[in-house]
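>>> for reference, the sequence and a predicted model appear below.
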Amino acid sequence: MPFIQMRIIGVLLAWLLFTGICIAGEQEFKIAVAANGQEKSGQVSMEAGRAPYYLIFNLDGSLLETTANPHAGAARGAGGSTADFLAEKKVNVVIAGSFGSKMAAALEAANIKYIEKQGIVINVMKGVEYAK
């Protein structure tokens with residue numbers, strides 16, 4: 001095979017490998033909404049760290065997961081522990097009625113954005129602009 005053809009094939013294979021790695025490495029953007037219940041039609045929880053549930057959505061508004069907050073009843077440190085829990089879930093943005101200073105600091109340290117909003121979970125989630 002001539003040198004030029006081998007080189008073209010090599011470049012094409014390298015490009016395919018590179019694009020495959022880039023696509024495989026992309027993480028889905030996730031929005032977690034603190035909620036008082038497990039339904040999308042429920043109220044946003046006023047306390048982020050002690051929210052009973054978190055509903056996790058993608059950017060399209062599809063519900064990916066509903067999870068109980070394992071730190072909602074913690075005697076102390078609920079905010080930081082909840083922030084760590086959400087970081088493990090690879091959440092990019094958290095929405096709640098309010099955030100304590102410790103949870104806000106923990107979210108910032110994990111590079112997770114947070115937004116204070118009140119209302120119905122699905123309406124609040126869809127009504128916010130996100131910067132990736």
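Nice, I can see it. Numbering: from 1, shown residues only.

>>> the residue nearest the centre of the chain and residue 67: what is the separation?
The chain has residue 91 as the residue nearest its centroid, 2.0 Å off, counting by C-alpha atoms, centre = their mean. Using C-beta to C-beta, to the nearest Å, we find residue 91 at a distance of 11 Å from residue 67. All C-beta spots, glycine's among them, are computed from the backbone N, C-alpha and C.

>>> who touches both of the two?
Both residue 91 and residue 67 are contacted by residue 56, under the criterion C-beta atoms under 8 Å, 6 or more residues apart in numbering.

>>> residue 99 contacts residue 106, correct?
No: using C-beta atoms under 8 Å, residue 99 makes no contact with residue 106, being 9.7 Å away.

>>> please enumerate the shared neighbours of the two.
residue 79.

>>> quick one: contacts for the nearest residue to residue 71 once chain neighbours are set aside?
Nearest residue to residue 71 in three dimensions, chain neighbours excluded: residue 81, at 4.1 Å (C-beta to C-beta, 6 or more residues apart in numbering). Shown in contact with residue 81 (C-beta under 8 Å, 6+ apart): 49, 70, 71, 74.

>>> and those residues, which are buried?
49, 71 (16 or more other C-beta atoms under 10 Å).

>>> the residue nearest to the centre of the chain should be in a strand, yeah?
No: for residue 91, which was evaluated using DSSP: H, G, I helix; E, B strand; the rest coil, the result is coil, with no strand membership.
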